[in-house]
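1. Sequence below, structure please.
(chains A, B, C and D)
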Amino acid sequence: MINNAFGIIYTGDNSLRLKDLTYSRSVAAVPFGGRYRCIDFMMSCMVNSGLTNIGVITQKNYHSLMDHLGSGKEWDLHRKRDGLFMLPPFVTRDNVGLYRGTVEALKSVSGYIRRSAQRYAILAGSYTIFNTTFCDMLEQHVQTGADITIMYNEEQHFEPEDQYEDLRLMLDERGRITDMEYNPYRPGSPYKSCDVILMEKTLLEYLVEEASAHGQYQFSQDVLMRNVAKLKIYGYHYTGYVARLNSPNSYFAANMALLDKDVREELFSREHPVYTKVKDEVPARYGPSSVAHNSIVADGCIIDGEIENCVLFRGVYVAQGAKLKNCIAMQGAQIQKNCDLSYVVLDKSVIVKRGRSLSGYKSFPVLLKKGSIV
Amino acid sequence: MINNAFGIIYTGDNSLRLKDLTYSRSVAAVPFGGRYRCIDFMMSCMVNSGLTNIGVITQKNYHSLMDHLGSGKEWDLHRKRDGLFMLPPFVTRDNVGLYRGTVEALKSVSGYIRRSAQRYAILAGSYTIFNTTFCDMLEQHVQTGADITIMYNEEQHFEPEDQYEDLRLMLDERGRITDMEYNPYRPGSPYKSCDVILMEKTLLEYLVEEASAHGQYQFSQDVLMRNVAKLKIYGYHYTGYVARLNSPNSYFAANMALLDKDVREELFSREHPVYTKVKDEVPARYGPSSVAHNSIVADGCIIDGEIENCVLFRGVYVAQGAKLKNCIAMQGAQIQKNCDLSYVVLDKSVIVKRGRSLSGYKSFPVLLKKGSIV
Amino acid sequence: MRKKQIVAMLLAGGQGSRLGILTSNMAKPAVPFGGKYRIIDFPLSNCVNSDIDTVGVLTQYEPLELNAYIGNGQHWDLDRNNGGVYVLPPYVKGKGGQWYSGTSNAIFQNQMFVDQFSPKYVLILSGDHIYKMDYGRMLRHHIKNNAGCTIAVLEVPLEEAHRFGIMNCNDEQRIISFEEKPKEPKSSLASMGVYIFNWPLLKKYMQADEEDPASENDFGKNIIPSMLINGEKLYAYPFSGYWKDVGTIRSLWSANMDLLEDPPLLDLYDPTWHIYSRNPVLPPHYIASGAKVEQSLVTEGCEVYGSVYHSVLFAGAVVEEGAQVSDSVIMPGAHIQKGAKVNKAIIDERAIIGRNAVVGDDLNEGVKVDNSLTDDITLVGSDMSIPEFASLPKGMVATRETLGYLYMKGADVRD
Amino acid sequence: MRKKQIVAMLLAGGQGSRLGILTSNMAKPAVPFGGKYRIIDFPLSNCVNSDIDTVGVLTQYEPLELNAYIGNGQHWDLDRNNGGVYVLPPYVKGKGGQWYSGTSNAIFQNQMFVDQFSPKYVLILSGDHIYKMDYGRMLRHHIKNNAGCTIAVLEVPLEEAHRFGIMNCNDEQRIISFEEKPKEPKSSLASMGVYIFNWPLLKKYMQADEEDPASENDFGKNIIPSMLINGEKLYAYPFSGYWKDVGTIRSLWSANMDLLEDPPLLDLYDPTWHIYSRNPVLPPHYIASGAKVEQSLVTEGCEVYGSVYHSVLFAGAVVEEGAQVSDSVIMPGAHIQKGAKVNKAIIDERAIIGRNAVVGDDLNEGVKVDNSLTDDITLVGSDMSIPEFASLPKGMVATRETLGYLYMKGADVRD
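-> Presented below is the predicted three-dimensional model:
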């Protein structure tokens, strides 16, 4: 357990990438895996590592996120001493509340960083999903005497259209990073940053001051890449499962990957529970003629029809005669009698009326916007 | 105790009236009375009336407010069922988060209103300060069979420069409102709305729909005044102490009024405690040579110098030899040795360096902006 | 402490011996029910939903389990600044302290707790009933009647009336007489074990009752009758919804099955009447490709590869490929291995049913089963491990001991 | 329950008879201290600030007061999802239950509570000391030494050593011998009553100790000595900050006065080491035009119209016009009426000192005062009302009874 680090989660605004899923919410607040929001994974990793001081940097559209995290109760972070800190942009009459980059965001929360009593800072994004603790990473950081340690995983597969904040690392045989590429046209390395960066708090403060004094706002390019020679930056190789929610396609694929037992076991490890907001839903109810295959179903669902290869969030209703295949249905979606849906993503509270058929492709799932009635 | 009403507090944006006090906070979050924020009074009135479901409508600059109210713990409103609901504007890529008027704000939270299970709604603003319960008002509302009841008090004194949301009521002998004036040039009545309006939830929903369908956004003018003949609108006469924070002058005067025992007893009645965020401060400490007269002092202060007719918020430090007369010093203000201040309002964390003298007038107190160093 | 209008006292009771091995390690109110609840969630949620925010839970049994389950009360919204939920075991005082000798003695011993809140009324509840009830309405009824005590009553079939406290009322619902478990019931109005008393009045009667050495210090047997004798105003409050005493294996099983009716006999979906519970931190459940699930409740952390018919699966239950579960209640963390068959059974927490074992099998010759507690329902105890190919006959209670008996019978255990 | 590395057990003790009437209605840890705290706030805040989030509070006394004060623990940040603070009175079990017979018996009786969290270490604390200490550092010391038990020690003046448990250590701070309240102390290293034990080891020794009928079941008298005899590794952990046992009237008074030193002997302003407490909901205090306040602590809800010198005023205390308070501790809600004089006194909660009365007056002839508990400090009990013009001599303990004695002496009460 780590007791000398605090966490900062940046819920940046890559909202355009996920299209209508992020019309009124940040990526961090996008529903994932039947009962979670993306940020639950990073929050749980940190809490399971022993961190009790976590700051969440938000952009202007942070209402869903605030609603979801609340006082941090579910993560045991409702504390007077440390705990969960929502760090919204400093909105004044003159400032609309959007950051130009992570450095600016970090600069704006320098008060929070200064007040944090822990020695190390763990900086993380919110669009990368995995389940681990950072204990080994910190140990390696101390052992190697690194200034900065970046968590990475190996990914051979490359889809240019999913490329977003793609930081590639070149490492020497001892794990030290010798070079980096940001969103390279043709990646020169399979080692991709997992968007978790560890360093001493004082170094973080210095680097942020330094960069913002020079009008530099991008953490990857302006802070990490510029300092690759000057500072000892090491990679920490994470070998577990990693999903990145960069595009509607990767969002769809990452949810569907949960139907794989190995992925499920990695992400929902009993050792490292994933905490999320509790809704006090009733257990899911299967009707007398229901058919369910290869699906993930959350509490509060009522399944009277057929589902196959689906991820159903809390409180989804599948009426008799309705068929869902390869679909993701978010909280409170209603699929009425005799509908036939395939490769559809239903956002929260979508209603599909009696007998409608909708069908997308694996590579192009249909996305129904929050609250829409079809 | 009322168990069939919910409350909505509108933390509107009359920020320009209070000048630098509201540069980065709404009026509701302005510090008042040594350890409170304005909204504490309305929140406490509602909670002491028995309400357990309170929605706070915020505008874009709601960070201080959120920070202050937190999960509602101090008001015992951290509940799964009902409780405190922060209702920020629906910020999307296309919407910056400012309302054109109360009606628009109410319209935007119609989901919250619909879900509230209670029969009556109590609508309130946040710049009016008093301490009471709404039990008698509801009783009168039921007894008179009114559609709407507006709380008012009598005020003979009129300062045109303090005029803001000044709704004057003309009443018949039975208390029914026959006419209203909004910000009149010469008020025709001493009866001034206290910005607390009671009606059935269904009527509220109807009136909000109706007004917004016609593109009308002002609650006082477009909803109340237009319906004065059609609906039975009654006044409820509140005879207790009322302060309105309309201008820097009225803010200064309302704080100073607390030095009056009667005002203190009305606002800090033991029967109706005023709840606020707890800071776990140390008791105030008076040094060996301190002199204190006619002042209100919060915990965490250290008084080594002299104070007279002052309101000191939590954690203010008055060094030896410093003299404060007719001053308001907010949380964490530091007045160093041998300063001499008179008619000064020090916002949070202001530092006045050794030996400085500053002096305003009763009608024009000097305002030192949050964090400034003089 | 701020004054409260009403304080609830929940008699969580003792080990509940009629539930047999299900309560060998936990107090009755902590027994799982309905897929993700525990019995005590129902009275606690009723309190919260009725705007009663101060609850004392009186337990005879070691208080740790309940303390651990209830925690600071946040799961039921009972982590209040003033009030909230408190577990109250009998504590040692003066010369040694004593067990609660009866229901009213339990309240008597905790008078100081109630007095802290100086309530006008006190609500007495039992910890082994499943129902949804608005105690607020009952309180208004009590106040309107200007009653000294109000007892919630339910119409029961006359042939079952002998199991309950039975009331006779006049036309205004005022109680004329009350008999605890009468042999020849005169009416079918049964007490639900839910009482509202005027607190000062109750204190008076409890005091007098404590001074009577012959008394059993029981509400039904002593307090209520003596109030009636003294001409106090006692009223009945008729209740008509779903109500089930889950104090026996059979009733616990059938109350679970009631949830599978269409529509369910007890509506858990009412958004104005949430049933709160301590939620396990588990992912959504997974239904595999070859699985069949019909007319069942399945909750978080379950994995179903086999078939589940007309059953209730609790958090983290696993049904492997080829396994068949029907008409059963599978408690948290229980594991039904490949090819096993479970029929009309209650499988307690973390029990493992080995491959191809049969639970609820027809009775083989030569095997005697004590089914006095279970009827034809088979019960497998918590943390039990039923071996591969074992056959547990209908009505059996499988514990380490009884299983030993079957082993000794040799061939009867394995097909 | 998730595993915890360490669980704290706070011995909140009994009535604390050395504090006399101050504890006649409340357990010692609930006695007010320092203007807005209660004694128990210090060990609880130390726990939280040391990242220990699981605390059992063992009380011999009726648990209601402590339960009501501690509530769900939120004021100390101890309303944790897993862990938190629990009040543990001795509860009835098996055949009747028993009082805690000694400090180690109290822990022994609550073994099950600790075992829930399967901790490696257990921290034992007392509930009547005022100090700020990082138990985390002590734990690291314990782990580094690979100790079985670590005892926090403090250098005391040799002439006072006989009041403490005294240790002899070797150069590595390993404890060679331990004597509880020795007549001829061999060192001046006193135990602070703060122990860290390896939990499995402690369980072993507690079990053995319970089986010894001659044992007093006390850590200092039995457990520690028998560990030493058996050659376990016991280490001392030297502490050097402010520490005060506030178990007597004199020490309670002087610990309050210590806060008025410049700089205060105990720093309450450290932002990394907040002392948490249940905050009263009261407005800021008011100092009137004619008032004088020097070298004093004044907190929320106070009103000062008179003079206050070198004193501590608790929440809601009122000093009227012309009244003079000096070198005194005025507990919550106490009221000093016009012209009254209070000198070197402790005025307990809600007591009223009538107009022109004098508390802490010089002794009149013919009046005998039992000052065995108080020295020359005058003590006025809670809710007492001292009549106008009364004169309470130095060292008196004013209760209804002692005041009656003064009344009988006639003229001695009124000047």
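2. Need the three-state assignment for the nearest residue to C:D375 once chain neighbours are set aside.
-> Leaving aside its sequence neighbours, C:D375 sits nearest to C:R250 (Cβ to Cβ, 6 or more residues apart in numbering or on different chains; 5.0 Å). (Glycine included, C-beta is placed from N, CA and C.) With DSSP: H, G, I helix; E, B strand; the rest coil as the basis, C:R250 sits in helix.
3. Hmm, C:L379 and C:R250 touching each other?
-> No - under the criterion of Cβ atoms under 8 Å, C:R250 makes no contact with C:L379, lying 10.6 Å away.
4. of those two, who's got more company?
-> Taking other Cβ atoms under 10 Å in any protein chain shown, C:R250 and C:L379 do not tie; C:L379 has more neighbours (30 against 15).
5. Settle this for me: the more buried one is touching C:V342, isn't it.
-> No - using Cβ under 8 Å, C:L379 is not in contact with C:V342; the gap is 11.5 Å.
6. returning to that earlier point: quick check: the residue nearest to C:D375 vs chain B, distance?
-> According to Cβ to the nearest Cβ, to the nearest Å, C:R250 and chain B sit 34 Å apart.
7. Could you do C:Q74 as well?
-> According to Cβ to the nearest Cβ, C:Q74 stands 8 Å off from chain B.
8. likewise C:L139?
-> Using Cβ to the nearest Cβ, C:L139 is found at 11 Å from chain B.
9. Work out for me the element that residue sits within.
-> Element membership for C:L139, per DSSP states H and E: helix C:135-144.
10. Run the chain-centre distance for that helix.
-> 24 Å (Cα atoms, centre = their mean, to the nearest Å).
11. pLDDT of that helix, averaged?
-> Mean per-residue pLDDT for helix C:135-144: 96.
12. tell me which residues of that helix are tucked away?
-> For helix C:135-144, a neighbour-count test (16 or more other Cβ atoms under 10 Å in any protein chain shown) marks C:Y135, C:G136, C:M138, C:L139, C:H141, C:H142 as buried.
13. Likewise for stretch A:323-333?
-> The neighbour-count check on stretch A:323-333 (16+ other Cβ under 10 Å) flags A:K323, A:L324, A:K325, A:N326, A:C327, A:I328, A:A329, A:M330, A:Q331, A:G332, A:A333 as buried.
14. Could you single out the nearest of the residues you listed to chain D?
-> Minimum distance to chain D across those is 23.2 Å, recorded for A:Q331 (Cβ to the nearest Cβ).
15. Contact residues of chain C facing chain A?
-> Applying Cβ under 8 Å from any Cβ of the partner chain, we find that chain C lies next to chain A at C:34-36, C:74-75, C:262, C:264, C:268-269, C:274-277, C:279, C:281-300, C:308, C:312-313.
16. Only whichever of the residues you listed are buried, select them in ChimeraX.
-> Selection of buried members from those for ChimeraX, criterion 16+ other Cβ under 10 Å:
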select /C:34,35,36,74,75,264,268,274,275,276,277,279,281,282,283,284,285,286,287,288,291,292,293,294,295,296,297,298,299,300,308,312,313
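17. Just the closest residue of chain A to chain B, please.
-> Closest point on chain A to chain B, by Cβ to the nearest Cβ, is A:S71, at 3.6 Å.
18. Which residues are in contact with that residue?
-> A:L77, A:H78, A:L84, B:G70, B:S71, B:K73, B:H78 (Cβ atoms under 8 Å, 6 or more residues apart in numbering or on different chains).
19. One more pass at 6 Å, please.
-> Counting by Cβ atoms under 6 Å, 6 or more residues apart in numbering or on different chains, A:S71 touches A:H78, B:S71.
20. Could you look up the SS state of it?
-> Going by three-state DSSP: A:S71 is coil.
21. State the distance from it to B:F313.
-> 25 Å (Cβ to Cβ, to the nearest Å).
22. which residues sit against the strand ranked longest in chain C?
-> Across chain C, the longest stretch assigned as strand under DSSP state E is strand C:189-198. Identification of contacts with strand C:189-198 by Cβ under 6 Å, 6+ apart yields C:121-126, C:142, C:148-154, C:156, C:164-167.
23. next one: phi and psi at the residue lying closest to C:Y205 once chain neighbours are set aside?
-> Nearest residue to C:Y205 in three dimensions, chain neighbours excluded: C:I223, at 5.4 Å (Cβ to Cβ, 6+ apart). With angles defined as degrees, to the nearest 10, C:I223 sits at phi -60, psi -50.
24. tally of neighbours for C:I223?
-> Residues near C:I223, counting by other Cβ under 10 Å: 26.
25. May I have the strands that pair with the helix or strand harbouring C:V85, each with its orientation?
-> According to DSSP H and E, C:V85 maps onto strand C:84-88. Neighbouring strands of strand C:84-88 in its sheet, by DSSP bridges, are strand C:54-59 (parallel).
26. pLDDT on stretch A:31-50, on average?
-> Across stretch A:31-50, pLDDT averages out at 94.
27. again, but for stretch C:52-60
-> For stretch C:52-60, mean pLDDT is 89.
28. pLDDT value on C:I70, please?
-> Looking at C:I70, its pLDDT reads 88.
29. so what's it up against?
-> Contacts for C:I70 (Cβ under 6 Å, 6+ apart) come out as C:V85, C:V87.
30. quick one: it and C:V57, what's the gap?
-> According to Cβ to Cβ, C:I70 stands 7 Å off from C:V57.
31. so can I have CSV of the buried residues of helix C:135-144 showing distance to B:A28?
-> Shown next, in CSV, are the buried residues of helix C:135-144 (distance: Cβ to Cβ, whole Å):
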residue, distance to B:A28
C:Y135, 36
C:G136, 32
C:M138, 40
C:L139, 36
C:H141, 41
C:H142, 41
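32. what's the burial count for the residue lying closest to A:R119 once chain neighbours are set aside?
-> Sequence neighbours aside, A:N4 is the residue nearest to A:R119 in space, at 4.7 Å (criterion: Cβ to Cβ, 6+ apart). Residues near A:N4, counting by other Cβ under 10 Å, number 12.
33. Could you do C:G165 as well?
-> By other Cβ under 10 Å, the residues close to C:G165 number 22.
34. quick one, phi psi at the nearest residue to C:L265 once chain neighbours are set aside?
-> Spatial nearest neighbour of C:L265, chain neighbours left out: C:D258 (4.2 Å); criterion: Cβ to Cβ, 6+ apart. Taking degrees, to the nearest 10, you get phi -60, psi -30 for the backbone angles of C:D258.
35. Next one: C:D258 from chain A, what distance?
-> Distance, C:D258 to chain A, by Cβ to the nearest Cβ: 13 Å.
36. now that residue: how far from C:S126?
-> Taking Cβ to Cβ as the measure, C:D258 and C:S126 are separated by 19 Å.
37. So what's the residue count around the closest residue in space to A:T11 that isn't next to it in sequence?
-> Using Cβ to Cβ, 6+ apart and skipping residues adjacent in sequence, the residue nearest A:T11 is A:A28, 3.7 Å away. Using other Cβ under 10 Å, A:A28 has 29 neighbouring residues.
38. Give the helix, strand or coil label for A:I54.
-> With three-state DSSP as the basis, A:I54 sits in strand.
39. Pretty sure it sits against A:G7.
-> Yes - with contacts counted by Cβ atoms under 6 Å, A:I54 reaches A:G7, the gap being 4.3 Å.
40. got any residues that touch both of the two?
-> Shared contacts of A:I54 and A:G7, counting by Cβ under 6 Å, 6+ apart, come down to A:M46.
41. And the two? Which one has more around it.
-> Taking other Cβ under 10 Å, A:I54 and A:G7 do not tie; A:G7 has more neighbours (27 against 24).
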